[in-house]
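Novice: quick check, what structure comes out for this input:
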Amino acid sequence: MPAMLPCWRLCKHGPRDPAKHTARQTMDVQQPTSPSESGLGAPEKSSGRKLRSGLALSALITVLLLAGGSLAYYAWLGLNERLVQATTERQSLADDIATIDESTEFLGFKEELQQHITALEQQVTGLSKQVKQQANQQENTRSFVQQSLASVNRSQLEWGLNETLYILHLASHRLLIERDIPGTIVALGIASTRLHELNDPRLLPVRESISRQIQKLKTVPDPDWVGISLQLNNLLGRIRQDSVNAKPMPNQRPEPRQPDPQESKSNLWQELTGQVRDVIDDSITITRKTSPSNLSAKHRGGTQTHEFLQARLLSAKYALASRDSQGYHHELESALTWLETSAPLNNMSELANELGTLNSVNLEPELPDISEPSTLLAELLENIESR
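Specialist: Below is the predicted model of the structure:
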C-alpha cells in the first residue's frame, strides 16, 4: 500500500495545466532577447526541453512498474489469504463430516441406505438375468420361426426328399432295434419308389445304394421264428405224452400180500427214507442262472425229467417270442445238460438230437450297415436347401 503512494500523489496533483504550460512557453518565446541570445541560445533551450521530457517519461514508466509490482504483490497476498481460508474451511468441513459419521443416527441411516442399495443391486442382477433369459428365448423363437418358414417354403422336391429320408430312418430302426429284416426290405422298397416318383436324375446314386442294401438284406439268414415255435410245440406235446405213458396203470399194480413184521419195519424205514429224499428233491429249484442238480440217476424219476424238460421248453418258447436269443439258447442248453446227465430213457436220444438242432439255430445273425442311402440323401438335401 505505501508503494502506491507516489502514484497516488502523482495522480492527485496530475500533470500541469496545458494552458499554463502553453502560456509559459509563449512567454518564453515572446521575451525580448538580444540578437546574440536569439541566434546562439535557441538550440541549447531545445535540448534542455527534450532532456526534461525524457526524464519525465522514464520517471512515469518507473512509477507504473512500481505500481504494477505493488498490485501483483497485493494480489499474491490476497490469494494466499484466500488459500489459507479455504484450507481452514476444508478442515472444518472434514471435522464436521467425521463428527457426522461417528453419530449413531447417521450410522443407522447409512446402514439402511446400504441395505437399500444392496437390494437394488440384487434386483438389478435379477432383472439382468431375466433380460438375458428373454433374449435367449427370443433367439430360440427366432430360430424356430426361421426353421418353420424354411419348412413351409420348401419345394415339392424338398418335401419328397425329407419324406424319403424319414422312411430310410425308419428302415434303419426296424433293422437295428427290432431286427425285422422283411420289414426293413419293405421300407427300403417304399423309399426307392418315392424317389422314382420325384423323377430327379440327382437321385439315381441314392436309388442304386438302396438296391444294394436290399440285396445285402436278402442274403442275411432270417430265422424261421414261426417254424421254431412250432417245433417247440411238437416237442412239448411229445414230452407230455411220454409223461402220461410213463405213469403206471391202476390194473398193472401187483396184488397186495400180507405184510411181514420184519418187512413192515423195513418198508417203514424205506418209506421214511423216500420221504426225506422227496423233501430234498422238492427243495432243489433249478432256475435260469443255475446249473442242473447233481443227483444221481437213480433218484431221478421219469416224471421229474418230463416236468423239467417241459419247463425248459416253455421258457425257451417265451424267449423266442420275446426275441431273446440269449435266453432261448440258455434254456435249451439247460435241457440238453439235464438229458446228458440223466439215465437214458425211451426216445431221449432222439429228443436230445432235436434240441441240439434247435439250439444250433442263430437267432441274431450279423446285420449289414444300411446307412449309406440316408447319408447320400441327407447330403443332397443339404446342398439343395443351401441354394
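Novice: helices or strands next to the biggest helix by length in the chain in the packing?
Specialist: Looking across the chain with DSSP state H, the single longest helix is helix 42-102. Contacts defined by 3 or more Cβ pairs under 8 Å, 6 or more residues apart in numbering; DSSP states H and E place helix 42-102 against helix 5-13, helix 104-152. Placement of C-beta: from N, CA and C, glycine included.
Novice: where are the low-confidence patches of the stretch 101-250 of the chain?
Specialist: Residue ranges of the stretch 101-250 of the chain with pLDDT under 70: 101-104, 150-154, 243-250.
Novice: and stretch 190-201, what's buried?
Specialist: Of all the residues in stretch 190-201, those buried under the rule 16 or more other Cβ atoms under 10 Å are 190, 191, 192, 194, 195.
Novice: please report how far residue 76 lies from residue 83.
Specialist: To residue 83, residue 76 is 10 Å away according to Cβ to Cβ, to the nearest Å.
Novice: residue 181: neighbour count?
Specialist: Burial of residue 181 is recorded as 19 neighbouring residues (other Cβ atoms under 10 Å).
Novice: any idea of the angle the longest helix of the chain forms with helix 104-152?
Specialist: Computed by axes from the mean of the first three to the mean of the last three Cα atoms, to 10 degrees, the angle separating helix 42-102 from helix 104-152 equals 90 degrees.
Novice: just the helices and strands packed on helix 42-102: most buried one?
Specialist: Highest mean neighbour count of the helices and strands packed on helix 42-102: helix 5-13, a mean of 12 (counted as mean count of other Cβ atoms under 10 Å).
Novice: for residue 320, what are its contacts?
Specialist: Contacts for residue 320 were tallied using Cβ atoms under 8 Å, 6 or more residues apart in numbering; they are 225, 228, 229, 232, 328, 363.
Novice: where does the closest residue to residue 167 other than its chain neighbours fall, secondary structure wise?
Specialist: Once flanking residues are discounted, residue 167 sits nearest to residue 191: 4.5 Å by Cβ to Cβ, 6 or more residues apart in numbering. Taking DSSP states H and E as the definition, residue 191 sits inside helix 181-198.
Novice: show me how the record splits the protein into domains.
Specialist: With domains defined by automatic domain parsing, the chain comprises 1-12+58-77, 107-153, 154-221+369-385, 225-245+274-359.
Novice: ok, back up a step: residue 169: which of the helices and strands packed on helix 42-102 is closest?
Specialist: Nearest of those to residue 169, taken as Cβ to Cβ: helix 104-152 at 17.1 Å.
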